[in-house]
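> can you look at this prediction? I've put the sequence above it.
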Amino acid sequence: MKKAIIFDLDNTIYPVNSIADNLFAQLFGVLDQNAATINNLHPDTVERIKEEMTRRPFQYIVDKYELDEAIAEQMLDELRNMTYDLPMQPFEDYHHLKDIPLDKFLVTTGFPKLQNSKIERLGIKGDFKEIIIVDPDLSKQTKKDVMADIMARYDYQPEELFVIGDDPDSEIKAALSLDIDTFLFDPKDTYPDAPTTHKSRHLKDVLAILG
């Protein structure tokens, strides 16, 4: 019997592309202005970086594309102090999930000012027993570490937890490694062969799984 659900935030509770243009305009401007000096990045690669920045921690982008240290630091300075102050809406299906009578946790990796501002704008803070933001600037903690800590502090067994996320290489992989059931939310069927316990294009399908 499930006792708790662990949610990811970005692209799980709300679509990042709905705020990306406003949120990342200045950051993308820094990238565009300096692209020629970052290993002479091709314009197509610059666009891939921008797309990945809506899904992955920035430090992952820096390592993958070997961004120039000075430019990466300039972009990090922007991210550390960034907040989002415009209206935001969760996925419509999220409203079906927030009233599930189980303990709910929100686990996200990102810069606290920005993540907290998004949580505030979404109006979801009260939906969760606990919200945990892993700051990649200050911590080497992984989502697996966070899940293991939740289990230890609240005395949950793996079979009592359920993890919902959009990234098979992040929260889904972490949960499976701890023998926790997972739901990969994949609205565009981007990951047809990704390991996961359950998978769907629709968040509300969680309701049928949890019964």
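Perfect, thanks for sending it.
> can you pull out the strands in this protein?
4-7, 103-109, 130-134, 161-165, 181-185, 198-200 (DSSP state E).
> need the CA coordinates for the helix of greatest length in the chain. CSV is fine.
In the chain, ranked by residue count with DSSP state H as the criterion, the top helix is helix 20-34. Written as CSV, here are the backbone C-alpha positions of helix 20-34 (Å, rounded to 0.1, in the frame of the first residue of the first chain):
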residue,chain,number,x,y,z
ALA,A,20,11.1,29.9,-20.8
ASP,A,21,11.0,32.9,-23.1
ASN,A,22,10.4,35.3,-20.2
LEU,A,23,12.5,33.5,-17.6
PHE,A,24,15.6,32.8,-19.7
ALA,A,25,15.6,35.8,-22.1
GLN,A,26,18.6,37.5,-20.4
LEU,A,27,20.4,34.2,-19.9
PHE,A,28,19.9,33.2,-23.5
GLY,A,29,21.2,36.6,-24.5
VAL,A,30,24.5,36.0,-22.7
LEU,A,31,24.8,32.7,-24.5
ASP,A,32,24.0,34.2,-27.9
GLN,A,33,26.5,37.0,-27.5
ASN,A,34,29.3,34.6,-26.6
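> who's in contact with it?
38, 46, 49-50, 53-54, 68, 71, 74-75, 78-79, 82, 84, 86 (C-beta atoms under 8 Å, 6 or more residues apart in numbering). Yep, even glycine has a C-beta here, placed from its N, CA and C like the rest.
> for Pro15, which non-adjacent residue is closest in space?
Phe91 (6.6 Å; C-beta to C-beta, 6 or more residues apart in numbering).
> that older thread, from the contacts of helix 20-34, which land in helices?
Val46, Ile49, Lys50, Met53, Ile71, Gln74, Met75, Glu78, Leu79.
> what's the neighbour count on His42?
10 (other C-beta atoms under 10 Å).
> so what's Met75 up against?
Leu27, Val30, Leu31, Phe58, Leu67.
> what about the first one, distance to Glu92?
Shown here: Leu27 relative to Glu92, a distance of 28 Å by C-beta to C-beta, to the nearest Å.
> with neighbour numbers in mind, choose between the two.
In terms of neighbours (other C-beta under 10 Å), Leu27 is the more surrounded of Leu27 and Glu92; the figures are 19 against 10.
> domain parsing for this protein?
4-14+89-210, 20-80 (automatic domain parsing).
> where does the protein have low pLDDT?
36-40 (pLDDT under 70).
> dump the contacts of Met75 to JSON lines, plus distance to Met1.
Listed next are the contacts of Met75 as JSON lines, based on distance: C-beta to C-beta, whole Å:
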{"residue": "Leu27", "distance to Met1": "44"}
{"residue": "Val30", "distance to Met1": "49"}
{"residue": "Leu31", "distance to Met1": "48"}
{"residue": "Phe58", "distance to Met1": "39"}
{"residue": "Leu67", "distance to Met1": "46"}
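> cheers, nothing more for now.
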